[in-house]
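Peer 1: Got a predicted structure plus its sequence, pasted below:
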Amino acid sequence: MNKDQLLGTMKIAIARLEENLAGLMHDQTHLRHAAQLQQAGKVQRTMGEARQLIKRSLKQHMSA
């Protein structure tokens with residue numbers, strides 16, 4: 001797991017917590033912010049996964 005995957009996963013977890021809190025307080029602004037943060041976390045995690053896949057592919061290609 002690389003830095004982007006870890007940070008993306010953390011953003012998603014924080015966004016879910018914020019979403020739950022905003023739901024309890026009926027705060028639409030925080031709900032929207034939580035949704036945006038969750039999407040940003042998913043994008044960052046996906047970028048980390050892609051980076052890891054590329055790195056692994058290059059390593060295999062170089063050793064072959």
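Peer 2: Okay, I see it.

Peer 1: remind me, longest helix of this protein?
Peer 2: Counting by DSSP state H, the longest helix found in the chain is helix 28-63.

Peer 1: Correct me if wrong: residue 33 contacts residue 21.
Peer 2: No. Judged on C-beta atoms under 8 Å, residue 33 makes no contact with residue 21 at a distance of 11.0 Å. Bear in mind the C-beta positions are built from the backbone N, C-alpha and C, glycine included.

Peer 1: okay, now residue 8: neighbour count?
Peer 2: Close neighbours of residue 8, defined as other C-beta atoms under 10 Å, add up to 22.

Peer 1: For it, give me its contacts.
Peer 2: 41-48 (C-beta atoms under 8 Å, 6 or more residues apart in numbering).

Peer 1: any idea how far residue 16 is from residue 39?
Peer 2: Distance, residue 16 to residue 39, using C-beta to C-beta, to the nearest Å: 12 Å.

Peer 1: same thing with residue 57?
Peer 2: Applying C-beta to C-beta to residue 57 and residue 39 gives a distance of 27 Å.

Peer 1: ok, residue 38 - contacts?
Peer 2: Residue 38 neighbours (C-beta under 8 Å, 6+ apart): 11-12, 15-16, 19.

Peer 1: at 7 Å what do you get?
Peer 2: Residues near residue 38 by C-beta atoms under 7 Å, 6 or more residues apart in numbering: 12, 15-16.
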